[in-house]
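A.B. asks: sequence first, predicted model second:
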Amino acid sequence: MVSDSRVMTMEELAAFLASSGTLRFRGQTRQATYAWVEKTLRKYGYISRSRADKGLLRQYLGKMTGYSPAQLTRLIAQYRRTGHVQLRGYKRHRFPVKFTRDDQALLAEVDNAHDHLSGAATQAILRREYTVFGRRSTISVAHLYRLRQGFAYRQRSLTVHRTKPTTVRIGERRKPNPQGQAGYLRVDTVHQGDRDGEKGVYHVNTIDEVTQWENLGCVARISEHYLVPVLGEILAQYPFRILGFHADNGSEYINRVVAELLEKLRIEFTKSRARQTNDQALVEGKNGGIVRKQMGYGWIAHGEAEKIQAFYSKTLNVYLNYHRPCGYATEVVDRKGKIRNRYDVYLTPYEKLRSLPQPEQYLRPGVTMAELPADRPGPQRHRVRPPRSAGEGQALPLLRSTGYSGMTAHVLMLMLRCEKSGGAAALLLFPCVSTASLISVRSTSRARDQRAHDEQRERDVHPHE
């Protein structure tokens, strides 16, 4: 701080202000500056000075302290009122302390004993402890949470922090809305069992939501290295343009490699919503009705993945889309006004595609409806028929006894063996067969197969009885 112990006249102050020009002065601390301002006001007798002298002293104070005119006005007003220029002490409002560190320690014991319940539940526990044991109860839920943030509580609390999920900004979390257009796929993965800690192959199931056009694939392991080439081959087998790709939240699909593949093909990428179990209902049903019936539940080694993929591409996908009828729902409003789905329309996916208005608009460039192999025959079968089971051998005479010819009965038995189609799907091939008759024959055949299996198992367990 500049020392100015000598009292200058008003003319000397005016000359000093005129000669100082752009010089700026500033105190070391606020406390020292306030003390100098008080000393200067008292030394020059500020209160008894004339108006002109007061203005000159204000300029001198502003030059030496660097304070603004408004700040100097406040300091001079304080000097007039109290005779001193002092810093105001900061007085923070503090609520009275009601709960001490010992109370935080007791709260930590309660939370550890009850596995950290919510604030309201803990408040009810404390109220009951006060009633029964005479302990603390007059505490609000908000203050209870504040006590949980205290140091004494955190030292004694046994809180376990679970891993927080990270937000993955790949795919949009919503339900697709195809609006009757072909090209919106539902995708899922089916695992083929474990053996001695070794995973089996994985089946990739894709199905169009509107036409139920279905293409399957198989990979040895569920990683981008194996999945992306097979996924590209599956998408290329669809005759129409792919507009949407909807998967669950598995990491095999929610990753940047698959996202880049779909973005390159300009395909909309969506994923299932939380607590909406029906988002993947169509493909989940096909997993059981197609994949499990064909491949079963047993373990299949990784080395068979290429063979299964070839079987899917050349045989099964053709059968599913051109020869296997699927049920399509028709919405019906009942007497109570509730909308119900009635499955009274059975078509192959190819026939469903043809039934759409102007189906050519959905096809990929270079593909026409005339080029689709709608009349391609199914896979060739061996001429030698495999042996029938005991239940099937008894079901064949039952079919013949119902009035069907031998050829029709054999075809129905073939359907019973394959179990590929429901009762209503069989009516497309044989209108003379009623659904009830076919289901009755199926039930009889399965029951007799089960009895024959049980008898054989009993003979294996007790061979000498």
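C.D. replies: Sure, I can see it.
A.B. asks: dump stretch 358-367 to CSV, keeping only the CA atoms.
C.D. replies: Provided in CSV are the C-alpha atoms of stretch 358-367 (Å, rounded to 0.1, in the frame of the first residue of the first chain):
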residue,chain,number,x,y,z
GLN,A,358,-48.8,-54.5,-56.4
PRO,A,359,-46.2,-57.0,-55.1
GLU,A,360,-43.7,-55.9,-57.7
GLN,A,361,-43.1,-52.6,-55.8
TYR,A,362,-41.4,-54.5,-52.9
LEU,A,363,-39.0,-56.7,-55.0
ARG,A,364,-35.4,-56.0,-55.3
PRO,A,365,-34.0,-54.4,-58.5
GLY,A,366,-33.7,-57.1,-61.2
VAL,A,367,-36.2,-59.5,-59.6
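A.B. asks: buried ones in it?
C.D. replies: Using 16 or more other Cβ atoms under 10 Å as the test for burial, stretch 358-367 gives 359, 362-363. Where you see a C-beta, it was placed from the backbone N, CA and C, and this is true even at glycine.
A.B. asks: tell me the mean pLDDT for it?
C.D. replies: Confidence for stretch 358-367, expressed as mean pLDDT, is 92.
A.B. asks: ok, so of the buried residues of stretch 358-367, who is nearest residue 213?
C.D. replies: Closest to residue 213 out of the buried residues of stretch 358-367 is residue 362 (10.4 Å), distances taken as Cβ to Cβ.
A.B. asks: which residues touch residue 201?
C.D. replies: Going by Cβ atoms under 8 Å, 6 or more residues apart in numbering, residue 201 touches 192, 218-220, 300-302, 304-305, 308.
A.B. asks: do that again at 7 Å, thanks
C.D. replies: 192, 218-220, 300, 302, 304-305, 308 (Cβ atoms under 7 Å, 6 or more residues apart in numbering).
A.B. asks: buried subset of those residues?
C.D. replies: Counted by 16+ other Cβ under 10 Å, these give 192, 218-220, 300, 302, 305, 308 as buried.
A.B. asks: re the thing from before, make CSV from the buried residues of stretch 358-367 and add distance to residue 144 to it.
C.D. replies: Listed next are the buried residues of stretch 358-367 as CSV, based on distance: Cβ to Cβ, whole Å:
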residue, distance to residue 144
359, 65
362, 61
363, 65
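A.B. asks: quick one: which of these is nearest residue 244?
C.D. replies: residue 362 (12.5 Å).
A.B. asks: tell me if I'm right that the closest one and residue 184 touch.
C.D. replies: No - in this structure, residue 362 is not within contact of residue 184 by Cβ atoms under 7 Å, at 10.7 Å.
A.B. asks: sorry, back to before: just the ones in strands from the contacts of residue 201, please.
C.D. replies: Counting by DSSP state E, the contacts of residue 201 place 218-219 in strands.
A.B. asks: of the contacts of residue 201, closest to residue 151?
C.D. replies: Proximity of the contacts of residue 201 to residue 151 (Cβ to Cβ) peaks at residue 219, which lies at 53.7 Å.
A.B. asks: state the distance from the closest one to residue 301.
C.D. replies: To residue 301, residue 219 is 13 Å away according to Cβ to Cβ, to the nearest Å.
A.B. asks: also residue 54?
C.D. replies: Applying Cβ to Cβ, the value for residue 54 to residue 301 is 102 Å.
A.B. asks: ok, residue 51 next?
C.D. replies: Relative to residue 301, residue 51 is positioned 105 Å away (Cβ to Cβ).
A.B. asks: ditto for residue 119
C.D. replies: Distance from residue 119 to residue 301, by Cβ to Cβ: 55 Å.
A.B. asks: cool, residue 459 as well?
C.D. replies: 32 Å.
A.B. asks: ditto for residue 290
C.D. replies: To residue 301, residue 290 is 22 Å away according to Cβ to Cβ.
A.B. asks: so the two - more neighbours on which side?
C.D. replies: Neighbours were counted for residue 290 and for residue 301 using other Cβ atoms under 10 Å; residue 290 has more, 21 against 13.
A.B. asks: the more buried one: what secondary structure?
C.D. replies: helix (DSSP: H, G, I helix; E, B strand; the rest coil).
A.B. asks: would you map the helices across the stretch 151-300 of the chain?
C.D. replies: Ranges of helices within the stretch 151-300 of the chain are 151-156, 224-236, 256-264, 281-286, 292-295, based on DSSP state H, counting those that start in this stretch.
A.B. asks: quick one: residues in contact with the third one.
C.D. replies: Outside of helix 256-264, the residues within contact range by Cβ under 7 Å, 6+ apart are 170, 224, 228, 231-232, 245, 269.
A.B. asks: any chance of TSV for those residues, columns neighbour count and pLDDT?
C.D. replies: TSV is the format used below for these (neighbours: other Cβ atoms under 10 Å; pLDDT from 0 to 100):
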residue	neighbour count	pLDDT
170	16	87
224	16	83
228	16	89
231	23	92
232	13	91
245	26	94
269	18	92
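A.B. asks: so where is the chain shaky, pLDDT-wise?
C.D. replies: 1-5, 132-138, 158-162, 374-449, 453, 457, 460-465 (pLDDT under 70).
A.B. asks: mind listing the strands for it?
C.D. replies: Secondary structure of the chain (DSSP E): strands at 172-173, 184-191, 194-195, 198-199, 202-208, 214-219, 244-247, 268-271, 326-333, 339-347.
A.B. asks: can you put the ones you listed in CSV and add distance to residue 262?
C.D. replies: Shown next, in CSV, are those (distance: least, Cβ to Cβ, whole Å):
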stretch, distance to residue 262
strand 172-173, 12
strand 184-191, 10
strand 194-195, 30
strand 198-199, 26
strand 202-208, 12
strand 214-219, 16
strand 244-247, 5
strand 268-271, 5
strand 326-333, 26
strand 339-347, 29
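A.B. asks: this completes my enquiry, with thanks.
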